[in-house]
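Trainee: Sequence first, predicted model second:
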Amino acid sequence: MHMERRATIWLLATTFIWGSTFFSMKMGQAAIEAAAGQHSWHSGLLFLTLRFALATVLLSILLPRAWRALNRSALVDSVIVSLPGVIGIALQSAALRSGSSATVAFITSLTIVTVPVIGWIFLRQKLTPALWIGAIMALSGVFIMTDPLAGGFGWPEVFTLIGTVLFGFQIHFINHYTRKHDPEAITLGAFIHSVWACLLILVVLPEGRKFLDPDVLSLLLQPVNDPEPLQRWAILWTIPYHAIFGSVIAFLVMMRYQREVPATRAVILYCLEPVFAAWLAWWIAREGMTWYQLVGAGYIMIGNLACELLRRNEGPVPARPEEAMTPGTPAPPPPGRS
């Protein structure tokens with residue numbers, strides 16, 4: 001098989017995996033709460049702690065050289081890279097507790113808009129007409145999708161939007177620090193910092209400490225009381241799935257195949273992530289979408305594609321980690337996936 005076609009298949013599969021992480025994280029959190037008998041947003045922090053701890057172990061086994069490259073400077077700089085991402089994904093997990101997986105996924109895709117806007121505000125980067133057009137269309141899609149005039153824009157949507165802005169900052173930090181350090185070392189450092197950051201919040205907050213009780217943790221190894229097999233065993237499959245596929249394998253695929261695919265094709269592939277998220281949430285988790293949510297999602301998709309595709313005729317404005325790197329540099333995972 002031709003390398004470009006093989007790379008396209010691998011990146012499409014990775015995008016599918018990222019899309020599947022929305023409904024599965026929602027399932028995993030619900031199962032943790034059911035097993036622990038504690039209904040709180042802290043369940044998402046425990047989920048992320050276990051996910052990134054397992055991802056750290058797996059990446060260390062598969063890429064032991066990452067430890068050799070993780071010197072003191074890289075370890076410190078990876079704090080700056082990881083904190084916006086881990087706070088953003090923690091907000092995303094809180095949003096998923098009561099919000100729609102599809103809505104969260106489509107709003108999260110607005111990083112394509114937030115990255116150039118942040119660059120414009122803080123780095124004096126140029127905002128092209130295509131970016132303005134795409135941003136207006138995408139934000140109009142959010143308005144239609146959430147129907148705020150009817151009370152549809154609540155805390156889940158607020159949390160997701162804040163997380164999307166944080167992911168935008170993380171992309172700029174990735175662009176900067178992966179020029180200074182090995183991307184494998186930065187990714188390993190980000191995994192490590194994500195573990196202690198989530199764990200620290202759990203330890204500090206009284207409600208969080210309840211999830212760390214040994215008796216509660218032992219219950220996570222048992223199936224929850226639910227007739228659906230996927231939900232009954234959700235803890236035992238969602239955490240390994242996110243760690244193995246959503247974090248480690250996604251990183252390895254990006255390192256190997258990102259450079260083999262034309263940028264325009266990569267953009268189209270990545271824009272399919274919320275589409276996969278909505279379809280899987282409907283098919284597996286039985287989360288439906290209303291007609292106006294579908295219309296809003298379409299506006300967001302068109303806006304995102306306009307931001308990425310039209311701007312390429314106006315000169316490069318980095319909006320993804322891999323676009324700001326020197327040729328041949330392996331790209332780290334996009335924000336919220338590390």
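Mentor: Right, received. Where do you want to start?
Trainee: pLDDT-wise, which helix or strand of this structure ranks last?
Mentor: helix 263-271 (a mean of 81; mean pLDDT, DSSP states H and E).
Trainee: What lies in contact with the following helix or strand past that helix?
Mentor: Once the chain leaves helix 263-271, the next helix or strand it forms, by DSSP states H and E, is helix 273-283. Outside of helix 273-283, the residues within contact range by CB atoms under 8 Å, 6 or more residues apart in numbering are 15-16, 18-23, 100-102, 104-106, 108-109, 287-289, 297, 300-301. To be clear about C-beta, it is placed using only N, CA and C from the backbone, and glycine gets the same treatment.
Trainee: In helices, which of the residues you listed appear?
Mentor: Among those, the ones falling in helices (DSSP state H) are 15-16, 18-23, 101-102, 104-106, 108, 297, 300-301.
Trainee: who's sitting farthest from the centroid in the chain?
Mentor: residue 215 (30.7 Å; CA atoms, centre = their mean).
Trainee: Distance check, that residue against residue 62.
Mentor: Distance of residue 215 to residue 62, computed by CB to CB, to the nearest Å: 34 Å.
Trainee: With residue 179 instead?
Mentor: 24 Å.
Trainee: Then residue 104?
Mentor: From residue 104 over to residue 62 (counting by CB to CB), the distance is 30 Å.
Trainee: How about residue 49?
Mentor: 21 Å.
Trainee: Between those two, which is the more surrounded one?
Mentor: Ranked by neighbour count (other CB atoms under 10 Å), residue 49 and residue 62 place residue 49 first, with 22 against 13.
Trainee: Which SSE is immediately downstream of the helix or strand harbouring that one?
Mentor: Per DSSP H and E: residue 49 is located in helix 42-62. Under the assignment DSSP H and E, the closest C-terminal helix or strand after helix 42-62 is helix 65-69.
Trainee: returning to that earlier point: the helix holding residue 49 - contacts with which helices or strands?
Mentor: With contacts taken as 3 or more CB pairs under 8 Å, 6 or more residues apart in numbering; DSSP states H and E, helix 42-62 sits against helix 3-36, helix 65-69, helix 72-98, helix 183-204, helix 206-211, helix 234-241.
Trainee: returning to that earlier point: got the CA positions of the helix or strand harbouring the residue farthest from the centre of the chain in CSV?
Mentor: Per DSSP H and E, residue 215 falls inside helix 214-219. Only the C-alpha atoms of helix 214-219 are listed here, as CSV (Å, rounded to 0.1, in the frame of the first residue of the first chain):
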residue,chain,number,x,y,z
PRO,A,214,-9.2,2.3,49.6
ASP,A,215,-12.7,0.7,50.0
VAL,A,216,-14.0,2.9,47.3
LEU,A,217,-11.1,2.2,45.0
SER,A,218,-11.5,-1.6,45.5
LEU,A,219,-15.1,-1.3,44.2
